[in-house]
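Student: Sequence and predicted structure below; questions after.
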Number of protein chains: 2
Amino acid sequence: MTEKIESSIENLWQDVRELSLGSPPHVDQLPAPPTPLQFLRRYVAANKPCLISAAVPDWPALSLWPSTDYLRSALATTPVSLHLTPTGRADALAPHPSVPSSLSFASSHVETLSFPEALDSVLASDNEGKKVAYLQQQNDCFRREYGALGADCEEHVPWATAALGCAPEAVNLWIGNRFSETSFHKDHYENLYVVITGEKKFLLLPPTDFHRMYIREYPAAKYVYHQDSGEFSLELEDPTSNVPWCSVDPYPSPKDKRREMEKFPLYFNGPKPFEVSVKAGEMLYLPSMWFHHVRQSLDDTGLTIAINYWYDMQFDIKYAYFNFLQSIPRTDPSRRRLRNDKARLGLSLCSSGDESDIEVSHDTRGAGDDGNN
Amino acid sequence: MTEKIESSIENLWQDVRELSLGSPPHVDQLPAPPTPLQFLRRYVAANKPCLISAAVPDWPALSLWPSTDYLRSALATTPVSLHLTPTGRADALAPHPSVPSSLSFASSHVETLSFPEALDSVLASDNEGKKVAYLQQQNDCFRREYGALGADCEEHVPWATAALGCAPEAVNLWIGNRFSETSFHKDHYENLYVVITGEKKFLLLPPTDFHRMYIREYPAAKYVYHQDSGEFSLELEDPTSNVPWCSVDPYPSPKDKRREMEKFPLYFNGPKPFEVSVKAGEMLYLPSMWFHHVRQSLDDTGLTIAINYWYDMQFDIKYAYFNFLQSIPRTDPSRRRLRNDKARLGLSLCSSGDESDIEVSHDTRGAGDDGNN
């Protein structure tokens, strides 16, 4: 039974690619925005991403925001939320504060500063120097904190609003550089992601690939930045809580690579994630529940500025199927072989840390793992 | 593992109802047609049925077709396809021609007659008299055989064509009465079903309920009507082939009821199917892959005339999930208990006919089980 289920899950990964994502599987590139009906029919209903080239040709932001002088002047006294980490990885796994062999889920230190000061901090970021700043806040911050820039963009994406039948639930602004990275996660939103300056590099996996992400519970922790020493500490949340999060780092360091590939074979040996590069003026439709990992502007030290629109998703039969999929435990082949070998050798199989990758986490609607991008 | 999977499957049945089908779960009733965007967003994308009340107020058919004189005159010399069975059940399970304890999949005897003769045959139908006639042919027959009635309806459903982005693949006409019944099956089409006279009574189950239909392979057979004796024989197709078909009869005769409920507990003990009655002038949106069973005008002997539009469905992530679901074997609880009891008693468990309900059939895209309604 177990092997049958496992091969069914692997077939599902292939099936969604062959049926829905073209031959060879790819992310559609559109020269201009689709009509509301095209967008709904071809992409939202099918839960399928697309990249739109000349997505927002009329936005003043495209010509204005590359100038930091413009931004400093427009937001001269505006208080904004700045996220600080020692590594550039907020909402990501980091060594556990008190059990170094284990991992925690680390959120950033958040400060409120005037925009010009905050921007200086982003521009001074350097993960060698152990302090990376990222201007962002996923609480509708574009409309809450950056109202002074409102006229430079549209309040919503008109064809998406018409298709989805509602205004965006949140509009967020992101100002960072190549030192910030967002770990694999999914959002319970339909996401339209516009890059204004710089470039974002997404890795995308469909929700059908749930088991390849090795979602596990990690204790929640938070970076605290100590102004006096210029150093960070990582502290467990009080009261303690657990966060279900993807375990896979798609870009492990050379020294960790082999170990990571052995720990997460379903990811590293399965179908490759879709790589999508979103450049200034382009828009990515990132469908609800797709797993995504994000890096930005790897080739220079300039800013990457982006804005994203979160629209409510429909909790329909697709979501019910996703819940069903994630309720099914999936061992990975290496572990199964291990158990079979132990059984053949007459060894008892005790629960150990090595077996932890057979755990799966149950998601609840709208909860928890909406992430950092 | 097995029990875990089985409870996951049962949760899926509940989940799709709670998430997508309202509280209590029901089929939406709309007073008038939705806009293309509403239809696509709320129903097609969500794979969710709806019933539309004043669906086709301007169709001349509504006033013209209740008159058989009008139909006889419009189609005075038109050859049409007439389906004959002894029971009113075409494309349904019937005792196997040579192994009476077993079942076959029986198609109707098809004749080509002039419309007036064919209509007489429908009106003379009587399952007591062992001959039931049904005017239908699922090959785009409305446009192929009934072109003379074309001006009485629309060639397509304009808001559905706009939403789905294509013209109908087939338009079919159905003229029958209460003696004809359509067994549970699903279609690989988006289906818009308009009743012109009489009433159709649908039972609907979402595709998530796959295991409750006990789909198994049955040898294909065909009724042959012998004009001389006025009797039917049922003959295996030559060359032989198997048809995957739903095993459940939702209305078993009183004498068979207990046995049927024991054979198909997942159907009879699970969530009730949605009952939808479609009356003259109403339209049912029957989403792709939904299982449906159809009866008509139970309360009089008048004709039920309907027309349906089959639009191509999208083979997207929903279909990939469906394929995944149907690839998972599901034993039913009574069988599992039986096996557990036998194991406890130290009895060996040999394969027997009684265990056959753990078989599932694998579907292929677009193949096979498109049915009789």
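Tutor: Right, received. Where do you want to start? Residues are numbered from 1 along each chain as shown, chains lettered A, B, ... in the order given.
Student: Work out for me the element the closest residue to A:R72 other than its chain neighbours sits within.
Tutor: Nearest non-adjacent residue to A:R72, counting by C-beta to C-beta, 6 or more residues apart in numbering or on different chains: A:P116, 4.8 Å away. The C-beta positions use only the backbone N, C-alpha and C, and glycine is treated the same way. For A:P116, the element it lies in under DSSP states H and E is helix A:115-123.
Student: same question, A:R72
Tutor: Here A:R72 is assigned to helix A:68-74, by DSSP H and E.
Student: May I see the buried residues of the following helix or strand past that helix?
Tutor: Downstream of helix A:68-74, the next assigned helix or strand under DSSP H and E is strand A:79-85. Within strand A:79-85, the residues scored as buried using 16 or more other C-beta atoms under 10 Å in any protein chain shown are A:V80, A:S81, A:L82, A:H83, A:L84, A:T85.
Student: Kindly report the same for stretch A:61-77.
Tutor: For stretch A:61-77, by 16+ other C-beta under 10 Å, it's A:A61, A:L62, A:W65, A:P66, A:T68, A:Y70, A:L71, A:A74, A:L75.
Student: so how far is B:H293 from the fifth one?
Tutor: The one in question is A:T68. 67 Å (C-beta to C-beta, to the nearest Å).
Student: dump the residue contacts of whichever residue of the stretch 101-250 of chain A sits closest to chain B.
Tutor: Residue nearest to chain B within the stretch 101-250 of chain A: A:G165 (5.5 Å; C-beta to the nearest C-beta). For A:G165, the contact set (C-beta atoms under 8 Å, 6 or more residues apart in numbering or on different chains) comprises B:L37, B:Q38, B:R41.
Student: Let's see if you can find the most crowded of those.
Tutor: Neighbour tally across those (other C-beta atoms under 10 Å in any protein chain shown): the maximum, 25 neighbours, falls on B:R41.
Student: my read is that one is in a helix, agree?
Tutor: Yes. B:R41 forms part of a helix when assessed by DSSP: H, G, I helix; E, B strand; the rest coil.
Student: Would you confirm that it contacts A:A163?
Tutor: Yes. Applying C-beta atoms under 8 Å as the test, B:R41 and A:A163 come out as touching, 7.1 Å apart.
Student: returning to that earlier point: name every strand pairing with the helix or strand that the helix holding A:P116 is followed by and say which way it goes.
Tutor: Next helix or strand after helix A:115-123 toward the C-terminus (DSSP H and E): strand A:132-136. When sheet partners are counted by DSSP bridges, strand A:132-136 sits next to strand A:79-85 (antiparallel), strand A:170-176 (antiparallel).
Student: looking at those strands, which is closest to A:Y319?
Tutor: strand A:170-176 (19.5 Å; C-beta to C-beta).
Student: can you give me the offset of that closest one from its chain's centre?
Tutor: Averaging C-alpha positions (C-alpha atoms, centre = their mean, to the nearest Å) puts strand A:170-176 13 Å from its chain's average.
Student: nearest residue to A:L75 other than its sequence neighbours?
Tutor: A:F115 (3.7 Å).
Student: ok, now which ones touch the one you found?
Tutor: So A:F115 contacts A:L71, A:R72, A:L75, A:A76, A:T77, A:T78, A:P79, A:V80 (C-beta under 8 Å, 6+ apart).
Student: contacting residues for the fourth one?
Tutor: Listed by C-beta under 8 Å, 6+ apart, the contact set of A:A76 reads A:S114, A:F115, A:P116.
Student: okay if I get those as JSON lines plus distance to A:H226 and pLDDT?
Tutor: Putting the contacts of A:A76 into JSON lines (distance: C-beta to C-beta, whole Å; pLDDT from 0 to 100) gives the following:
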{"residue": "A:S114", "distance to A:H226": "21", "pLDDT": "97"}
{"residue": "A:F115", "distance to A:H226": "24", "pLDDT": "97"}
{"residue": "A:P116", "distance to A:H226": "23", "pLDDT": "97"}
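Student: Between those residues, which sits nearest B:K272?
Tutor: A:F115 (59.1 Å).
Student: tell me which residues in stretch A:104-111 are buried?
Tutor: Across stretch A:104-111, burial judged by 16+ other C-beta under 10 Å covers A:S104, A:F105, A:A106, A:S107, A:S108, A:H109, A:E111.
Student: Okay, and which of those map to strands?
Tutor: Those of these mapping onto strands are A:S104, A:F105, A:A106, A:S107, A:H109, A:E111, per DSSP state E.
Student: Hmm, the second one is touching A:V243, no?
Tutor: Looking back up the chat, that one is A:F105. Yes. If you go by C-beta under 8 Å, A:F105 and A:V243 touch, sitting 4.2 Å apart.
Student: Need the overlap of contacts for those two.
Tutor: Shared contacts of A:F105 and A:V243 (C-beta under 8 Å, 6+ apart): A:Y218, A:P219, A:A220.
Student: quick one: contacts for the last one?
Tutor: By C-beta under 8 Å, 6+ apart, the contact set of A:A220 is A:S104, A:F105, A:S107, A:L236, A:E237, A:T240, A:S241, A:N242, A:V243.
Student: Give me the phi and psi for the fourth one.
Tutor: Comment: the main-chain dihedrals of A:L236 come out as phi -60, psi 140, following degrees, to the nearest 10.
Student: tell me the contacts of it?
Tutor: A:P97, A:S98, A:S104, A:P219, A:A220, A:A221.
Student: confidence score at the nearest residue to A:S107 once chain neighbours are set aside?
Tutor: Closest residue to A:S107 apart from its sequence neighbours, by C-beta to C-beta, 6+ apart: A:K222 at 4.8 Å. For A:K222, the model assigns a pLDDT of 97.
Student: Tell me the gap between the helix or strand hosting A:K222 and the middle of its chain.
Tutor: Using DSSP H and E, A:K222 sits within strand A:216-226. Offset of strand A:216-226 from its chain centre (C-alpha atoms, centre = their mean): 17 Å.
Student: now stretch A:285-301
Tutor: Distance, centroid of stretch A:285-301 to centroid of chain: 7 Å (C-alpha atoms, centre = their mean).
Student: ok, and for it, which residues are buried?
Tutor: For stretch A:285-301, by 16+ other C-beta under 10 Å, it's A:285-297.
Student: Could you provide the buried residues of strand A:79-85 in a markdown table, with additional columns for pLDDT?
Tutor: Shown next, in a markdown table, are the buried residues of strand A:79-85 (pLDDT from 0 to 100):
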| residue | pLDDT |
| --- | --- |
| A:V80 | 96 |
| A:S81 | 95 |
| A:L82 | 96 |
| A:H83 | 96 |
| A:L84 | 96 |
| A:T85 | 96 |
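Student: which two from the residues you listed end up farthest apart in space?
Tutor: A:V80 and A:T85 (16.8 Å).
Student: can you pull the contacts of the closest residue to A:G281 other than its chain neighbours?
Tutor: Spatial nearest neighbour of A:G281, excluding adjacent residues (C-beta to C-beta, 6+ apart): A:L62 at 5.8 Å. Contact analysis of A:L62 by C-beta under 8 Å, 6+ apart lists A:V56, A:I196, A:A280, A:G281.
Student: Which two of these have the greatest separation?
Tutor: Taking C-beta to C-beta, no two of those sit farther apart than A:V56 and A:A280, at 9.9 Å.
Student: returning to what we had before: touching the helix holding A:R72 from outside, list them.
Tutor: Against helix A:68-74 from outside (C-beta under 8 Å, 6+ apart): A:L64, A:W65, A:F115, A:P116, A:L119, A:L123, A:A148, A:L149, A:L303.
Student: And stretch A:191-200, by the same measure?
Tutor: Residues contacting stretch A:191-200 (C-beta under 8 Å, 6+ apart): A:55-56, A:59, A:61-62, A:65-66, A:153, A:157, A:160, A:177, A:277-288, A:294-299, A:302-311.
Student: tell me the angle of the longest helix anywhere in chain A relative to helix B:2-20?
Tutor: Taking DSSP state H as the criterion, chain A has its longest helix at helix A:2-20. Interaxial angle, helix A:2-20 versus helix B:2-20 (axes from the mean of the first three to the mean of the last three C-alpha atoms, to 10 degrees): 30 degrees.
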